[in-house]
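1. model the structure of this input:
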Amino acid sequence: MEGVRHQDDPTRRARLRWRSRRGLLENDLILTRFLDAHEVDMTDTEVDAFTQLLDLSDNDLLDLLLGRAEPDQALAGQHVNELLARLRQA
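-> A predicted model of the protein is given here:
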């Protein structure tokens, strides 16, 4: 039995958007702009990758978003790397 898809659950969507509000304005702007443009099209796999990025500290996340760092081995994966590339274009 599959769980409820992210896109089908307004509570999950609201929670993701709330978690995207960050202490650093730069992060907040990048993440919000990305969600404004792509949230309705995101797959559950992309949402999972996005959530992994949201688990990072603000400074680590900003370094990744600005391309000053690459994901470490624990975070690196095809889906995280693909999403990170899209976020860097936002």
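2. so how many other residues sit close to the nearest residue to His79 once chain neighbours are set aside?
-> Nearest residue to His79, sequence neighbours excluded (Cβ to Cβ, 6 or more residues apart in numbering): Ala49, at 4.2 Å. Where you see a C-beta, it was placed from the backbone N, CA and C, and this is true even at glycine. Neighbour count of Ala49, defined by other Cβ atoms under 10 Å: 23.
3. hang on, isn't Ala49 packed against Ala76?
-> No: Ala49 is beyond contact range of Ala76, at 10.8 Å (criterion: Cβ atoms under 8 Å).
4. ok, the residue nearest to His79 - contacts?
-> By Cβ atoms under 8 Å, 6 or more residues apart in numbering, the residues touching Ala49 are Gly77, His79, Val80, Glu82, Leu83.
5. repeat that for 10 Å
-> For Ala49, the contact set (Cβ atoms under 10 Å, 6 or more residues apart in numbering) comprises 42-43, 75, 77-84, 86-87.
6. repeat that for Glu46.
-> His6, His38, Glu39, His79, Val80, Glu82, Leu83, Arg86.
7. can you tell me the element it falls in?
-> helix 44-54 (DSSP states H and E).
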